[in-house]
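> What would the 3D arrangement of this be:
(2 chains)
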Amino acid sequence: MESALTMTSGASPLPEEFLEWQVRLRAWTASERRGAPHAGVAPIVLVKQPGIEPGASAHSVVCGLLPRPDRLEDTTREMRELYETASANGSKALYDEGIAYLCRYYASAKDFDAGSITTLVSNDTALVKALRASPDCALVFHVFDIGTQAPGGGMRTQQICCRAEVLTAGPVYENVWWHNALFHGFADGSVVVHFRHRRSLDTRFGMLEPVRA
Amino acid sequence: MSAPLSALRLHVRPRGAEHDVLRDVSLALREGEMLAVVGPNGSGKSTLLAALASSLELRAGEVRAGETRATDISRRAFARRVAWLPQQPQVAQGFTVEALVMQGRHAHRPFLAPPTARDRNAVGRALRALDLLDLRERRVETLSGGERRRAWLAMALCQEAPVLLLDEPTAALDLRHQWEVLALLARINREQGLTLGVVLHDLEQAAALAHRLAIIHRGRLYAIGPPEACLTPETLRDVWRIDADVSKEDGFLRLRVRGPADPIRSL
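So this is what the prediction gives:
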């Protein structure tokens, strides 16, 4: 069956159920937690790092979803306009308007790029150095949140194998940068990591797969 | 009508640093208002005041005195529009109080020109306003902390700029002197129509004194507006990370701090 999801080239689609969980979780985070990140949006990134052999280094990030390609520039423009109008009243007002925007933004998994996950990190981190040396990596989502009210249940064990690209400019960079600016202001010295999905593993009953270079 | 002093999208980055300590801050002081700049330690309050005083190199953005960009006029011309008293001003040993206050007249007279009658009158007025006439011959280093603070304030007043920026004018003062300095600021704001931008640490004092608060948090403007609109329990949690009640008693905002708390917004 052909998937209704669209995505950037060079990636394979994330499991639909995973993407739907991510969208529902983010909508819930925006509406119920004023945007405070849930463990489900904060995977560990495993990446080979020069000097750490065998094995991989682990890095904690807060990740984001990317709008599907035909919505990318429109959403970037909306976020930028929101920033420019609301920031005059201070970061609190901007944050609250940003949360209201996200409550509408996370409406459907079909609005998002089915093959992409992103994060914005400081350029001088070990993660960025490692990804520049070896772009193959794994995002490990381990959520054990017993009694949680979060949608999608309290237990998730998933390894998302990706190829990462470190971006300092371009439409994807702009989108992630302005999304972040709504909540944390201008992120000088930051880069965007664009993770392109290759395949996914449910690690509930098994070991993590090694990161392959 | 343009604001007497405004900042547009200011970014300040100290030399050698990798990140901005002031990030995309825009605000305008309204004519005749007292704006209190508040925020936790290290949030960027003093940096903002120094930037507004055009005393810092900006990475981006601009400061305007009225319609005029600060970078388009001389330091002396800017100083006739904006006076700035930093937190810990320095003066060479041996200056008397009167000589210190006379320093405020530099913006009004040519380099090395002797003081005019107008300058001497301005010094007299400032000494009188700060109750320093009896101390005019005293050397600054022999003054108590409170007296010294008043001498510096007199110097800033003597500059006769329509905008006065003061960085923690009540620091190191006992309660009586704090009250006197704040009462003086309220009086010159009310009677002389001076526009004041004042960094204060005491939130109740700031709320009692200022028409508006500008709350600085992590180098950004968190909120700006009337004290009762800005100083809310959620603001105290987000910015100061304390759990507190805010109430109004006899027309004044009062805070009752219960203890530390996590912020509501992950700013």
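
> In the sheet, which strands lie alongside the worst-scoring helix or strand of chain A on mean pLDDT, parallel or antiparallel?
Scoring the helices and strands of chain A by mean pLDDT, DSSP states H and E places strand A:52-60 at the bottom, with a mean of 83. Looking at strand A:52-60 with DSSP bridges, its partner strands are strand A:44-49 (antiparallel).

> Name the residues of the strand it pairs with that are buried.
Using 16 or more other CB atoms under 10 Å in any protein chain shown as the test for burial, strand A:44-49 gives A:Ile44, A:Val45, A:Leu46, A:Val47, A:Lys48, A:Gln49. Every C-beta, even on glycine, is put in place using the N, C-alpha and C of the backbone.

> In chain B, which residue sits nearest chain A?
Nearest residue of chain B to chain A: B:Ala223, at 4.0 Å (CB to the nearest CB).

> Contact partners for A:Cys137?
A:Val45, A:Leu46, A:Val47, A:Lys48, A:Ala56, A:Leu131, A:Cys161, A:Cys162, A:Arg163, A:Ala164, A:Phe195, A:Val211 (CB atoms under 8 Å, 6 or more residues apart in numbering or on different chains).

> again, only this time at 7 Å
A:Val45, A:Leu46, A:Val47, A:Leu131, A:Cys162, A:Ala164, A:Val211 (CB atoms under 7 Å, 6 or more residues apart in numbering or on different chains).

> now A:Val47
So A:Val47 contacts A:Ala56, A:Ser57, A:His59, A:Leu127, A:Ala130, A:Leu131, A:Ser134, A:Cys137, A:Val211 (CB under 7 Å, 6+ apart).

> So the third one sits against A:Pro43, correct?
No - the criterion here is CB atoms under 7 Å, and A:His59 misses it with A:Pro43 at 9.5 Å.

> Pick out whichever of these two has more residues nearby.
Taking neighbours as other CB atoms under 10 Å in any protein chain shown, A:His59 and A:Pro43 compare with A:Pro43 leading, 25 against 21.

> Do I have it right that that one meets A:Val140?
Yes - counting by CB under 7 Å, A:Pro43 touches A:Val140, with 5.5 Å between them.

> what's the nearest residue to whatever residue of chain A ends up closest to chain B if we skip its chain neighbours?
Relative to chain B, the nearest point of chain A is A:Gly90 (4.0 Å; CB to the nearest CB). Closest residue to A:Gly90 apart from its sequence neighbours, by CB to CB, 6 or more residues apart in numbering or on different chains: B:Ala223 at 4.0 Å.

> so after whichever strand or helix holds that neighbour, what's the next helix or strand?
Following DSSP states H and E, one finds B:Ala223 within strand B:220-225. Next helix or strand after strand B:220-225 toward the C-terminus (DSSP H and E): helix B:227-230.

> Show me what counts as buried in that following helix.
The neighbour-count check on helix B:227-230 (16+ other CB under 10 Å) flags B:Pro227, B:Cys230 as buried.

> My reading is that B:Val181 lies in a helix. Confirm?
Yes - assessed with DSSP: H, G, I helix; E, B strand; the rest coil, B:Val181 lies in a helix.

> Does it touch B:Leu166 like I think?
No - using CB under 7 Å, B:Val181 makes no contact with B:Leu166, being 9.0 Å away.

> who has more neighbours, these two?
Using other CB under 10 Å as the criterion, B:Val181 and B:Leu166 rank with B:Leu166 on top: 23 against 20.

> Compute the first-to-last residue distance for stretch A:166-174.
13 Å (CA to CA, to the nearest Å).

> How about stretch B:235-251?
Note: stretch B:235-251 ends 20 Å apart using CA to CA.

> would you say B:Ala244 is within a helix?
No - checked against three-state DSSP, B:Ala244 lies outside a helix; its state is strand.

> partners of it in the sheet?
According to DSSP bridges, beta-bridge pairing links B:Ala244 with B:Val257.

> And the one 5 residues further on, by the same measure?
Here B:Glu249 shows beta-bridge partners B:Phe252, assigned using DSSP bridges.

> Neighbours of it, how many?
Taking other CB under 10 Å as the criterion, the count of residues near B:Glu249 is 7.

> Go ahead and confirm B:Leu35 touches B:Leu29.
Yes - B:Leu35 lies in contact with B:Leu29 (CB under 7 Å); the separation is 5.4 Å.

> Identify the contacts common to those two.
With CB under 7 Å, 6+ apart, B:Leu35 and B:Leu29 have common neighbours B:Gly197.

> now could you export just the CA positions of the top helix by length along chain A as PDB?
Counting by DSSP state H, the longest helix found in chain A is helix A:16-32. Coordinates of each C-alpha in helix A:16-32 appear next as PDB, following Å, rounded to 0.1, in the frame of the first residue of the first chain:
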ATOM      1  CA  GLU A  16       3.700   5.400  10.900                       C
ATOM      2  CA  GLU A  17       2.900   4.500  14.400                       C
ATOM      3  CA  PHE A  18       6.100   6.000  15.700                       C
ATOM      4  CA  LEU A  19       5.500   9.300  13.800                       C
ATOM      5  CA  GLU A  20       1.900   9.400  15.000                       C
ATOM      6  CA  TRP A  21       3.000   8.900  18.500                       C
ATOM      7  CA  GLN A  22       5.600  11.700  18.200                       C
ATOM      8  CA  VAL A  23       3.000  14.100  16.800                       C
ATOM      9  CA  ARG A  24       0.400  13.200  19.500                       C
ATOM     10  CA  LEU A  25       3.000  13.400  22.200                       C
ATOM     11  CA  ARG A  26       4.100  16.900  21.000                       C
ATOM     12  CA  ALA A  27       0.500  18.100  20.800                       C
ATOM     13  CA  TRP A  28       0.000  16.900  24.400                       C
ATOM     14  CA  THR A  29       3.200  18.500  25.600                       C
ATOM     15  CA  ALA A  30       2.200  21.800  24.100                       C
ATOM     16  CA  SER A  31      -1.400  21.800  25.400                       C
ATOM     17  CA  GLU A  32      -0.800  20.100  28.800                       C
END
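
> Many thanks, I have nothing further to ask.
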